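**Student:** the following comprises the amino acid sequence and a computationally predicted model.
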Amino acid sequence: MQKKYFYVTTPIYYPSGNLHIGHAYTTTLADILSRYKKIQNFETFFLTGSDEHGQKIEKKAIEMQLSPQEYVDKVTANFKILWEKLNIDYSKFIRTTDIQHIDAVKKIFTNLYNKDLIYKGQYDGIYCVTCEEFLTSSQISSEGFCIISGDKPQLIKEDTYFLRVSKFQEFLTELLKTNFLIPESRRKEMLKNFIEPGLEDLSVTRITLEWGIPINEDLKHVIYVWLDALSNYITALGYNSSDDSLFKKFWSNDAEIVQLVGKEITRFHSIYWPVILKSLDLRLPDKLLSHGWILFKNAKMSKSLGNVINPLDLIEKFESDTLRFYIAHELPTNRDGNYSEDLIIESYNTHLANNFGNLASRVSNMIIKYFDGELIDTNFDNSEIFKFANETIDKFQTLMNNYDISEAVHTALLLGQHCNKIIEEIKPWNLFDKKKYDELKNFLAAIRYCITAMTLMLKPILVNKIKLFAQQFGYEQEKIDFSNLNTIKFEKITDKLIIFKRI
Ligand code: MSP
């Protein structure tokens, strides 16, 4: 049975600098899923935010001669500007410095401590500040550097509180045999590299750091950034606060919960986060989608490597819909993708200008030219085109329901290609010359049906441009969904529009 609520989250990003296209990637995918689910009549909640504690942020603030709070206030304000320009319609932007979050995290710690799932001990290990992560030997290169950030990790020996992750060996083995984590390759990697060798307890407090959430149990300790950060997904909904109505809806069994992350933080989300939830007697998300990286100059695009592309520059140059389309279509989540400005341009020209946009302007022009802007008493329900459009819609929905956005977009675009090809074959201008007006009218109406289906499928992506298609064909975009596409009322049209000009 279809669930009522849909909850989608992105990682909360570190304000250790401005965001780049890699962060825009995850957030845009989440936005697309949220908008799609709205069309499917789910009540949705889309969470993003910033991860503001920890050594890395503390260091950065000192460099900038600001207090950590002043520093994070400044940077997160820039996050919000980016999301607005990219048309990211989030429901909430959580900050781990929010008082409500801080109180709720302290209570989570106390709860786990009281259940003896957290205990005091001593940590002896190697820590990467850039990744804010204790490294296992497989994460350190033969020269002694962190394989993700390339930085030199530090040796740390200190008192700490541990979360009893090792108690959950069987639970995690079972979980990672299901399809909770996609893609398959990442699921196998987690099993092989982290679970099968035997799980170790996780250090969840630090004593050498000021900029974190203090625990009530021991004055010297602050909570390790990851326990603090992972909890955001429930504290944002009001878990452990006086108003937990959102939590009751969006973390209930009536909710479909999907979490998007980049592959480098899969371990935290597929091992530690499920352990925390299980320890709190809470349900798990339905799906963890761990996507690949955007590479630039053959390395992961990242602030620490300094090879970043600023999405604001791209929005300025190409408009946000073009960037959203590139992200949705050209960067499938199951592998790494190379960043390329040429690909943004080529993708736009091929799929939006030449295929979809060209189809729409050809057809609306013919409706204006041959039928004075309106098609009356049409009948195309038995046509091949109509059937093909409906099959495409079904396939599109199946793919989107499996969070395969790139393949879903590809499917929608094939419908446009099919229509352009059929127009070349049928040559509607010949039907007009031969005075076959009924045939011509029904043909154009069938193609118009395909175009409206495409606008609906691409609506979660092309959020600005899509409004122009409704204007081009004279209907109200807001009112349509996949169940009433065939009952659209069209007004007479007169405007000739070119929606996607070639770049
Ligand atoms: N603060 C942690 C996440 C805590 S979530 C409870 C963190 N922050 S981060 O600022 O480093 O952001 C990491 C995330 O940004 C990745 O998981 C991914 O979603 C996105 N990406 C950052 N660089 C990326 C690429 N080059 N390519 C694809 N995604 C990238 O980790």
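**Tutor:** Everything's here; your move.
**Student:** what parts of the stretch 1-150 of the chain come near the ligand?
**Tutor:** Selection of the stretch 1-150 of the chain residues close to the ligand by Cβ under 6 Å from any ligand atom yields 11-14, 22-23, 25-26, 51. C-beta coordinates here come from the backbone N, C-alpha and C atoms, glycine included.
**Student:** what's the farthest-apart pair in those?
**Tutor:** In terms of Cβ to Cβ, those reach their longest pairwise distance at 25 and 51, which sit 17.2 Å apart.
**Student:** quick one: the strands in the stretch 101-250 of the chain?
**Tutor:** Taking DSSP state E, counting those that start in this stretch to define them, one finds strands in the stretch 101-250 of the chain at 118-128, 133-134, 154-163, 181-182, 202-203, 205-206, 222-223.
**Student:** so which elements touch the fourth one?
**Tutor:** With contacts defined as 3 or more Cβ pairs under 8 Å, 6 or more residues apart in numbering; DSSP states H and E, the packing partners of strand 181-182 are strand 287-291.
**Student:** distance between the strand it packs on and the chain's centre?
**Tutor:** Centroid separation for strand 287-291 versus its chain: 9 Å, with Cα atoms, centre = their mean, to the nearest Å.
**Student:** closest residue of the stretch 251-400 of the chain to the ligand?
**Tutor:** residue 262 (2.6 Å; Cβ to the nearest ligand atom).
**Student:** out of the residues of the stretch 1-150 of the chain next to the ligand, who has the most neighbours?
**Tutor:** For those, neighbours were counted by other Cβ atoms under 10 Å; the highest total belongs to residue 25, with 27 neighbours.
**Student:** which elements pack onto the host helix or strand of that residue?
**Tutor:** Assigned by DSSP states H and E, residue 25 belongs to helix 21-39. Judged by 3+ Cβ pairs under 8 Å, 6+ apart, the packing partners of helix 21-39 are strand 5-13, strand 43-50, strand 255-262, strand 287-291, strand 294-296, helix 311-318, helix 320-330, helix 405-426.
**Student:** care to break this structure down by domain?
**Tutor:** Domain ranges of the chain: 5-338, 341-487, per automatic domain parsing.
**Student:** can you lay out those domains as CSV showing mean pLDDT?
**Tutor:** CSV is the format used below for the domains of the chain (pLDDT from 0 to 100):
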stretch, mean pLDDT
domain 5-338, 95
domain 341-487, 97
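**Student:** could I get those as TSV with distance to residue 502?
**Tutor:** TSV is the format used below for these (distance: least, Cβ to Cβ, whole Å):
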stretch	distance to residue 502
domain 5-338	12
domain 341-487	5
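**Student:** got phi/psi on the residue of the stretch 51-200 of the chain found nearest the ligand?
**Tutor:** Residue nearest to the ligand within the stretch 51-200 of the chain (Cβ to the nearest ligand atom): residue 51, separated by 3.4 Å. Phi and psi for residue 51, reported as degrees, to the nearest 10, are phi -110, psi 100.
**Student:** tell me which element residue 444 falls in.
**Tutor:** Per DSSP H and E, residue 444 falls inside helix 437-458.
**Student:** got the CA positions of that helix in CSV?
**Tutor:** This file holds the C-alpha atoms of helix 437-458, laid out as CSV (Å, rounded to 0.1, in the frame of the first residue of the first chain):
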residue,chain,number,x,y,z
TYR,A,437,-8.1,17.7,-41.2
ASP,A,438,-9.5,15.2,-38.8
GLU,A,439,-6.5,13.0,-39.0
LEU,A,440,-4.2,16.0,-38.6
LYS,A,441,-6.1,17.3,-35.6
ASN,A,442,-6.1,13.9,-33.8
PHE,A,443,-2.4,13.4,-34.6
LEU,A,444,-1.5,16.8,-33.2
ALA,A,445,-3.6,16.2,-30.1
ALA,A,446,-1.8,12.9,-29.5
ILE,A,447,1.6,14.6,-29.8
ARG,A,448,0.4,17.3,-27.5
TYR,A,449,-0.6,14.6,-25.0
CYS,A,450,3.0,13.4,-25.1
ILE,A,451,4.3,16.9,-24.6
THR,A,452,2.1,17.4,-21.5
ALA,A,453,3.2,14.0,-20.2
MET,A,454,6.8,15.1,-20.7
THR,A,455,6.2,18.4,-18.9
LEU,A,456,4.8,16.5,-16.0
MET,A,457,7.7,14.1,-15.8
LEU,A,458,10.3,16.9,-16.1
